[in-house]
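Chemist: below are the sequence and a predicted model for it; my questions follow.
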Amino acid sequence: KGLVLKVNNLRKYFPIKNSIPFKKTTQFVKAVDGVSFELYKGETLGIVGESGCGKSTVARLINQLITPTEGTVEFNGIDLASLSTKEIRSARKSIQMVFQNPYASLDPRKTIEYLIAEPLAIHGIGDEASRKQRVVDLLETVGLSAYHAKRHPHEFSGGQRQRINIARALALNPDIVVCDEPVSALDVSVQAQVINLLKDLQHEFGLTYIFISHDLNVVNYMCDRIAVMYLGKIVEIGSYEEIYDNPQHPYTQALLSAIPKENPFDTKDRIILTGDVPSPVNPPSGCAFHKRCRFATEKCSQMEPVLDTVSTTHQVSCHLFKSLQQKPLPS
Ligand code: SF4
Ligand code: MG
């Protein structure tokens, strides 16, 4: 499998507005704080975590919607920061995005035809007639029809609007589609339809996905690999099987235990996470998870764990994992 995207030590710190005028701010929100991962052609990488963990910021950094404070994003071996304005435009075509809110991302005054053809027009692709034909093809690709082209966004349901967004994202024949909570605003019954559509499109067009969600249940149906984020960092990353069958990080274990089992009244295995997600302005010392972790020790509040190798495809950042490895198992 070919490497298509490589994210190296990515950081994004947002300065906090100072209440004292003209005084330089010294405080930052460390939204993304040292994230690295690789993305391979044709796969779906899930990025999972609670709201505020930095997953949407990672998405926007990859799409060049914001620039990193530090670190690089390499697309097909080329650092996106090294590209000229013209080259960035072309790289942008290859990496498209589907956002969470299908209501906010479609201009209500425009027709569906205009909205889907807009990326083509911006990049100067085709004439008006060929763009119109392309719109019809794209509508059919996402399960709508030519009949919908002259309508406006408010005439569609949430699920249909997300189909329109997907058609728009596909207009430029991207290699990578970054889906940021694409079904979170939809009813559960509609979620499955949109997820199935995304899966079908992936096979049809050989797409590579980054699929961002706070919901491990949704990721369950989609992903080949999963990265779990907590407070701006990846705390565990591995194949679907490794994360579901052999989670090593206490935070991953807690997220997984919250997924409803066949019997929803069976809560005995449920790990309840107490406390709120701490602030990324003043993250806790040591392991950022230590105030919510049921295994936390003295060491956890003092020393930050680093990503450790579980297998060639599985990494975790937790002192507990290391200590288990060091202690020989009782015979
Ligand atoms: Fe819990 Fe300590 Fe592991 Fe952090 S390093 S997840 S606090 S056991
Ligand atoms: Mg978000």
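Modeler: Good, I have the coordinates. Numbers count the residues shown, from 1 in each chain. Ligands and ions are numbered 1, 2, ... in the order given.
Chemist: now the lengthiest helix in the chain: buried residues?
Modeler: For the chain, the helix with the greatest residue count under DSSP state H is helix 188-205. Neighbour counts over helix 188-205 (16 or more other CB atoms under 10 Å) mark 190-191, 193-195, 197-198, 201-202 as buried. In short, each C-beta sits where N, CA and C put it, glycine included.
Chemist: just give the number of residues close to residue 207.
Modeler: Neighbourhood size, residue 207 [other CB atoms under 10 Å]: 22.
Chemist: still on that earlier bit, quick one: the longest helix of the chain to chain centroid distance?
Modeler: Remark: helix 188-205 is offset 16 Å from the chain centroid, using CA atoms, centre = their mean, to the nearest Å.
Chemist: CA atoms only: put that helix into CSV for me.
Modeler: The C-alpha coordinates for helix 188-205 follow below in CSV (Å, rounded to 0.1, in the frame of the first residue of the first chain):
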residue,chain,number,x,y,z
VAL,A,188,-29.3,7.3,13.4
SER,A,189,-31.3,5.7,10.5
VAL,A,190,-29.8,8.2,8.0
GLN,A,191,-26.3,7.8,9.4
ALA,A,192,-26.1,4.3,8.1
GLN,A,193,-27.2,5.3,4.6
VAL,A,194,-24.5,8.1,4.4
ILE,A,195,-21.8,5.8,5.8
ASN,A,196,-22.7,3.1,3.3
LEU,A,197,-22.6,5.7,0.5
LEU,A,198,-19.1,6.8,1.6
LYS,A,199,-18.0,3.2,1.6
ASP,A,200,-19.3,2.6,-1.9
LEU,A,201,-17.7,5.7,-3.2
GLN,A,202,-14.4,4.7,-1.7
HIS,A,203,-14.4,1.4,-3.7
GLU,A,204,-15.7,3.1,-6.9
PHE,A,205,-13.1,5.9,-6.9
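Chemist: on contacts alone, who are the packing partners of it?
Modeler: helix 158-170, helix 216-222 (3 or more CB pairs under 8 Å, 6 or more residues apart in numbering; DSSP states H and E).
Chemist: in its sheet, what does the helix or strand hosting residue 74 sit against?
Modeler: Taking DSSP states H and E as the definition, residue 74 sits inside strand 70-75. If you go by DSSP bridges, strand 70-75 pairs up with strand 3-15 (antiparallel), strand 78-79 (antiparallel).
Chemist: what comes up buried for it?
Modeler: Applying 16+ other CB under 10 Å to strand 70-75 flags 71-75 as buried.
Chemist: related to what we said a few turns ago, tell me what angle the longest helix of the chain forms with helix 158-170.
Modeler: 20 degrees (axes from the mean of the first three to the mean of the last three CA atoms, to 10 degrees).
Chemist: my read: residue 89 touches residue 123, true?
Modeler: Yes: counting by CB atoms under 8 Å, residue 89 touches residue 123, with 7.1 Å between them.
Chemist: using TSV, please lay out the strands paired with strand 70-75 together with mean neighbour count, mean pLDDT and distance to residue 27.
Modeler: Below are these laid out as TSV (neighbours: other CB atoms under 10 Å; pLDDT from 0 to 100; distance: least, CB to CB, whole Å):
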stretch	mean neighbour count	mean pLDDT	distance to residue 27
strand 3-15	18	95	7
strand 78-79	12	92	29
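Chemist: can you say which of the ones you listed is nearest to ligand 1?
Modeler: strand 3-15 (20.5 Å; CB to the nearest ligand atom).
Chemist: ranked by average pLDDT, which of the helices and strands packed on helix 188-205 falls at the bottom?
Modeler: Note on the helices and strands packed on helix 188-205: lowest mean pLDDT is at helix 216-222, with a mean of 84.
Chemist: can you name the residues that contact the closest residue to ligand 1 within the stretch 101-250 of the chain?
Modeler: Nearest residue of the stretch 101-250 of the chain to ligand 1: residue 250, at 4.5 Å (CB to the nearest ligand atom). Applying CB atoms under 8 Å, 6 or more residues apart in numbering, we find residue 250 in contact with 289, 293-295, 318, 320.
Chemist: right, I'll leave it there.
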